[in-house]
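J.: Here is a sequence together with a model predicted from it:
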Amino acid sequence: MIIRTFIQAEQFLALHIPKTSVQTFPGELGLKRAKYFLHLLGDPQEKLKIIHVAGTSGKGSTCYLISSLLISQGFKVGLHQSPHLTDVTERFQTSNQIISKKEFVHYLNKIIPIVKMVSKTFHSPLTYFEILVGLAFYIFAEKKVDYAVMETGLGGKYDGTNVVLRQDKLSVLTKIGLDHVAILGKTIKEITFQKAMIINEKSQAISIDQDPKAEKIIRDVAEKKMAKIMFVNCRGRFYADPNIFERFNLIGEYQKENASLALAAVNYLSERDGFKLNKVKIKKVFERAKFPGRFDTKKILPAGRQAITKTVVFDGAHNPQKMKAFVSSLIQKYPGIKFNFLLAFKKGKNYQDMLKIIISLVGTSKIILTSFFTENQDMINASEDPEKIGGELNRLNRSSRLNQFEIIPDLKEAWETILKEDGLIVVTGSLYLVGKVFRLIKNK
């Protein structure tokens, strides 16, 4: 089978998108399948210096910052993240440059025979995520990157990225909270254990300061694996310059946490691998840092001759921990401003607590509830029924300052409607919602 176009590549990958919850997170079987897949590819993951990032909040931003910092020091860096916003090629970046569609098709063709071989051996196909993770390791090895930054998907212990045995793999843990409780566990202790299991035997791990319960679990896992663990606060204490974040471009205290963690990781690598950090170039990274879909501010010009440019803030916050941090930063950045929200939440998320956080600041603003459906990601993702969200808002409205909300299930119509509102517009609740709106803007 030879794939000749990018559309054909997408069609091939779509055949591997899980349709059931068991397929979505196949656990130990999926990890064994992923390891076997990579073994047949020549174990490219063992030919790379890996920075492996897990956690509940801030994984994407931390990965991006680690990559950017290493690039600033003259290294060739592979970056793999998920989910993507508009295009699967976003998951394969070399020195923060997205792979071309032509090159993506070329590399995918190289691994398709192995993909089919694994499916026959395990009597079940590799998932979309497993294929793309294997492809990332393969591409980064082929391109001979100096470092590869790999973001976990779900969890850590049985995640498709947890396939590296090298003791020099650096494990990085971002803030851990309650999310994916149906799969990872219902307590911080259970979830932390799953995340911490990316730590390799006799390796180094770095974590942001955690809840005491989470910290204990991380320390226990590290001790059992005879690994070293370092905890970092958001004041950049592992860097000699106390003013390192004085011109930090990314908004929010939570981004300073991510930046501190990224800086500590790169500082450790500089000591281990014997390269000197260029402070001027590091400052420039923080001055210019901009991560799509995370407190991402854009100027949008709606359709119509009399249209006025609108300021829109996009953020993929999809759990209470992320939403609280985002809303806090929103107030700090735009004090006294009227906000209008376009909201949708993925099925199974704790939208009740996220709504409480949002309406605590909305005041007389407008909320539009909408929906999304994705078929080009690691799994099929559907949003919670907006009517159901509306019912919860009605219940909360009895004791809040919320003025009005509207239910518009069609996303295109909802987007065009929110653009007519006065004041600042906020699109949040899910990274999949943000990605869908980005596609509307791109297509237009």
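T.: Done, it's in. Predicted model, so just to flag it, every value in this text is computed and none were measured.
J.: Go ahead and confirm residue 261 touches residue 208.
T.: Yes: with contact defined as Cβ atoms under 8 Å, residue 261 counts as touching residue 208 (4.9 Å). To be clear about C-beta, it is placed using only N, CA and C from the backbone, and glycine gets the same treatment.
J.: Look up the closest residue to the spatially most central residue of the chain, ignoring the ones flanking it.
T.: Ranked by distance to the mean C-alpha position of the chain (Cα atoms, centre = their mean), the top residue is residue 60 at 3.8 Å. Excluding the flanking residues, the one nearest residue 60 by Cβ to Cβ, 6 or more residues apart in numbering is residue 81, at 5.5 Å.
J.: residues near that neighbour, how many?
T.: 24 (other Cβ atoms under 10 Å).
J.: Could you pull up phi and psi at it?
T.: Dihedral pair for residue 81: phi -130, psi 160, per degrees, to the nearest 10.
J.: so what's the backbone phi/psi at residue 74?
T.: phi 100, psi 10.
J.: Just the local confidence number for it, please.
T.: With respect to pLDDT, residue 74 has a value of 97.
J.: next SSE after the worst-scoring helix or strand of the chain on mean pLDDT?
T.: Least confident helix or strand, the chain: helix 21-24 with a mean of 51, by mean pLDDT, DSSP states H and E. For helix 21-24, the following helix or strand on the C-terminal side (DSSP states H and E) is helix 28-40.
J.: List of residues touching that following helix?
T.: 26, 44-45, 114-115, 117-118, 121-122, 124, 126-127, 130-131, 133-134, 137, 158-160, 162-163 (Cβ atoms under 8 Å, 6 or more residues apart in numbering).
J.: Return the set of buried residues in it.
T.: 30, 31, 33, 34, 35, 36, 37, 38, 40 (16 or more other Cβ atoms under 10 Å).
J.: what distance separates it from the centre of its chain?
T.: Relative to the centre of its chain, helix 28-40 is centred 23 Å away, using Cα atoms, centre = their mean, to the nearest Å.
J.: so after that helix, what's the next helix or strand?
T.: Helix 28-40 is succeeded, C-terminally, by strand 50-54 (DSSP H and E).
J.: Now the one helix or strand residue 9 maps to: buried residues?
T.: Element membership of residue 9 [criterion: DSSP H and E] is helix 6-14. Residues 6, 9, 10, 12, 13 are the ones in helix 6-14 that count as buried (16+ other Cβ under 10 Å).
J.: Could you chop the chain up by domain?
T.: 6-288, 296-443 (automatic domain parsing).
J.: Quick one: end-to-end distance for stretch 284-295.
T.: End-to-end distance for stretch 284-295: 19 Å, by Cα to Cα, to the nearest Å.
J.: who's in contact with it?
T.: So stretch 284-295 is contacted by 60-61, 64-65, 68-69, 72, 85, 244-245, 247-252, 255, 259, 296, 313-316, 326, 329-330, 333, 431, 434-435, 438 (Cβ under 8 Å, 6+ apart).
J.: before we move on, what about stretch 106-126?
T.: With Cβ under 8 Å, 6+ apart, stretch 106-126 has contacts from 1-3, 9, 12, 15-16, 26, 29, 32-34, 36-37, 40-41, 99, 131, 134-135, 138-139, 142.
J.: pLDDT on it, on average?
T.: pLDDT averaged over stretch 106-126 gives 91.
J.: Tell me the pLDDT of residue 243.
T.: pLDDT at residue 243 comes out at 65.
J.: Quickly note the distance from the nearest residue to residue 48 once chain neighbours are set aside to residue 420.
T.: Excluding the flanking residues, the one nearest residue 48 by Cβ to Cβ, 6+ apart is residue 148, at 4.5 Å. Applying Cβ to Cβ, to the nearest Å, the value for residue 148 to residue 420 is 45 Å.
J.: which of these two has more neighbours?
T.: residue 148 (28 against 13).
J.: Check which helices and strands the helix or strand containing that one sits against.
T.: Element membership for residue 148 (DSSP H and E) is strand 147-151. Helices and strands touching strand 147-151, by 3 or more Cβ pairs under 8 Å, 6 or more residues apart in numbering; DSSP states H and E, are strand 50-54, helix 59-72, strand 77-80, helix 128-142.
J.: One more pass at 6 Å, please.
T.: Using 3 or more Cβ pairs under 6 Å, 6 or more residues apart in numbering; DSSP states H and E, the elements in contact with strand 147-151 are strand 50-54, helix 59-72, strand 77-80.
J.: Out of those, which is the most enclosed?
T.: Comparing these by mean neighbour count (mean count of other Cβ atoms under 10 Å), strand 50-54 ranks first with a mean of 28.
J.: and that one, how far out from the chain's middle?
T.: The answer for strand 50-54 is 13 Å, by Cα atoms, centre = their mean.
J.: ok, now stretch 94-107?
T.: With Cα atoms, centre = their mean, you get 19 Å for stretch 94-107.
J.: Among the contacts of stretch 284-295, which are located in helices?
T.: Applying DSSP state H to the contacts of stretch 284-295, the entries found in helices are 60-61, 64-65, 68-69, 72, 255, 259, 326, 329-330, 333, 431, 434-435, 438.
J.: Tell me where the stretch 101-250 of the chain has strands.
T.: 147-151, 170-173, 204-208, 228-232 (DSSP state E, counting those that start in this stretch).
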